[in-house]
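A.B. asks: Sequence and predicted structure, then a few things I'm wondering about:
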Amino acid sequence: MSERQNREPEQDRERIRLLEFQLDYLRAELLHLTHERHRLIYSVSGHIYRFLRPVEAFLADAANAVVARFRPPPDATRPSASGEGAPAARGAPLPARRLLVDVTGTIKRDAGTGIQRVVKEVTRGLYSGESFDLPVLAARCEDGRLLTANGFIAELVGGEAAPDSEIAIAGGDRFLMLSDSWNAFDELAPVFARIRDAGGEVVTCIFDLIPELYPHACHEVTVPRYRAWLRKALLESDSFLAISRTVADELADYVAAQGLPHRPGLKIGWFHCGSDLALRADAAPRDKVKAAVAGDAPVFLAVGTIEPRKGQRVALRACEDLWASGRDVRIVFVGRRGWFEEAVASEILGHKEFGRRLFWFDDADDDELSFLYDHAAALIFPSYAEGFGLPIVEAARRGRPVICSDIPVFREVGRAGALYFQVNNAKALAETIADFLDGRRVADQDQVLRVAWRDAARRIVEVVAREDWSRRLP
């Protein structure tokens, strides 16, 4: 029997275990929402809301009817999986002249998540004063025109902001959609056309394939929006830049396996995110943040939006096991509310250890996050799906050990320096933490990937300028 055949049963077992974990998570969420619904029904506010529900339903139905009236047929613009509708090949592009970096999405919608952090820190690196292989210009789109993003740059690096001016596209320009572009392709269509007419190329940054690979981990509106975006991006983009080699390989393999139409000769490359935080010299954490790490008990930090794939419940169960065995440890969650988080959030806030050995900050800024890194015994990162894993490199850069799920992208980022445990296995995490505390397992943060944002910016420019792509599709 071949090695591949030997691996397949184990891979199937892991897939089943992951599906069971997702089912358990959604079941807990459903039970929590059902309980809340019953509580409302038998409360005064519930009786008031009962009379408002028909009005709400009428308004929702009317809105849906209006949307349906003006929505194009579902298959009107969707290319077939067989490849029909894929764009025709064009002549060889001109050598790269400039890199125009689109930051429109982050200017319009800065939710403070990992994507916006990548956009801002890469842009800061691009404007660090270093010399790169190509001239770089941050841009924003407005009414089909490309404008300079002077105000955005001034906020990042300081200085006076000159009025924005229109950017004239030149021969060979590369247009990089660094910002989240799922809502921008229609608006940017005229820009794409002008870029290609001038012999240039369109490059799209891709952060992960989670909505395609793990749809049940995402908000209900995210999956169809992402699916539409990816299929349109494959047709509009000459190349993709992923935030890890893992995501680059996942994209190439997924496009090939699904037979998705794409531009001929599609190029796929990658870069690694940075780990340095831009901090204020005079910043001080709030008293409640300082109180969370006060005392002698080792503190374990878990950073990430509260959502299904991040594994906050896994971390909490692991700590409960440790508490039950007499271990005096603390767990601090840092991250805003995301989606399908009601049950987990309610469990954290209503836990008997909340405020004692369990803490959650949904509004911590970078300075407070840095303070928590500095006072943590280790970072816990129990996510089962990521595009990179920024907390891993941020913690290691500040000298903190890392304990994380054993998934491919974490192996790429954590290398031999992190401690790994079986994904979604709370008991395995508790055992790993105990081994770490007792010195049976040692993490070496110096072996974790260490890249500055300035290095990430340089890598992006080099891939585009030197055609240093890792994969090319037919």
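C.D. replies: Received it, and whenever you're ready, just let me know what you need. Since we're looking at a predicted model, the values are computed, not measured. Residues are numbered from 1 along each chain as shown.

A.B. asks: and residue 271, what does it touch?
C.D. replies: 241-243, 456, 459-460, 463 (CB atoms under 8 Å, 6 or more residues apart in numbering). C-beta coordinates here come from the backbone N, C-alpha and C atoms, glycine included.

A.B. asks: Tell me the helix or strand right after the helix-or-strand element of the chain with minimal mean pLDDT.
C.D. replies: Using mean pLDDT, DSSP states H and E, the weakest-scoring helix or strand in the chain turns out to be helix 44-70, at a mean of 50. As assigned by DSSP states H and E, the chain's next helix or strand after helix 44-70 is strand 99-102.

A.B. asks: Closest to residue 343 out of the contacts of residue 271?
C.D. replies: Nearest to residue 343 among the contacts of residue 271 is residue 243, at 29.8 Å by CB to CB.

A.B. asks: pretty sure the closest one is touching residue 250, no?
C.D. replies: No - look at residue 243 against residue 250 with CB atoms under 8 Å: they stay out of range, at 11.5 Å.

A.B. asks: These two: which has the busier surroundings?
C.D. replies: Neighbours per residue (other CB atoms under 10 Å) separate residue 243 from residue 250, with residue 243 holding more: 26 against 22.

A.B. asks: mind checking how far the more buried one is from residue 304?
C.D. replies: 16 Å (CB to CB, to the nearest Å).

A.B. asks: repeat for residue 349
C.D. replies: 17 Å.

A.B. asks: higher neighbour count, these two?
C.D. replies: residue 304 (24 against 11).

A.B. asks: Tell me who's in contact with the more buried one.
C.D. replies: Contacts of residue 304 (CB under 8 Å, 6+ apart): 310, 312, 334-335, 381, 383, 391.

A.B. asks: Going by distance to residue 353, which of these wins?
C.D. replies: When the contacts of residue 304 are compared against residue 353 (criterion: CB to CB), the nearest one is residue 312, at 14.1 Å.

A.B. asks: what about the nearest residue to that closest one once chain neighbours are set aside, helix or strand, and which?
C.D. replies: In this structure, residue 312 finds its nearest non-sequential neighbour in residue 344, 5.4 Å apart by CB to CB, 6 or more residues apart in numbering. Per DSSP H and E, residue 344 falls inside helix 342-349.

A.B. asks: I'd like the distance from whichever helix or strand comes after that helix to the chain centre, please.
C.D. replies: Counting by DSSP H and E, the element after helix 342-349 in chain order, helix or strand, is strand 358-361. Taking CA atoms, centre = their mean, to the nearest Å, one finds the center of strand 358-361 at 22 Å from the center of the full chain.

A.B. asks: Same check on stretch 367-385?
C.D. replies: 17 Å.

A.B. asks: quick one: average pLDDT of that stretch?
C.D. replies: Computed over stretch 367-385, the mean pLDDT rounds to 97.

A.B. asks: same deal with stretch 289-303?
C.D. replies: Rounded mean pLDDT across stretch 289-303 is 97.

A.B. asks: what about dumping the CA coordinates of that stretch to CSV?
C.D. replies: What follows is stretch 289-303, C-alpha atoms only, in CSV (Å, rounded to 0.1, in the frame of the first residue of the first chain):
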residue,chain,number,x,y,z
VAL,A,289,-6.1,45.6,31.6
LYS,A,290,-3.3,45.8,34.2
ALA,A,291,-5.5,44.0,36.7
ALA,A,292,-6.0,41.1,34.3
VAL,A,293,-2.2,40.2,34.5
ALA,A,294,-1.5,41.2,38.1
GLY,A,295,-0.4,38.6,40.5
ASP,A,296,1.7,35.4,40.2
ALA,A,297,-0.6,33.2,38.2
PRO,A,298,0.7,32.5,34.7
VAL,A,299,-1.4,34.4,32.1
PHE,A,300,-2.2,32.8,28.7
LEU,A,301,-3.3,35.2,26.0
ALA,A,302,-5.7,34.4,23.1
VAL,A,303,-6.0,37.0,20.4
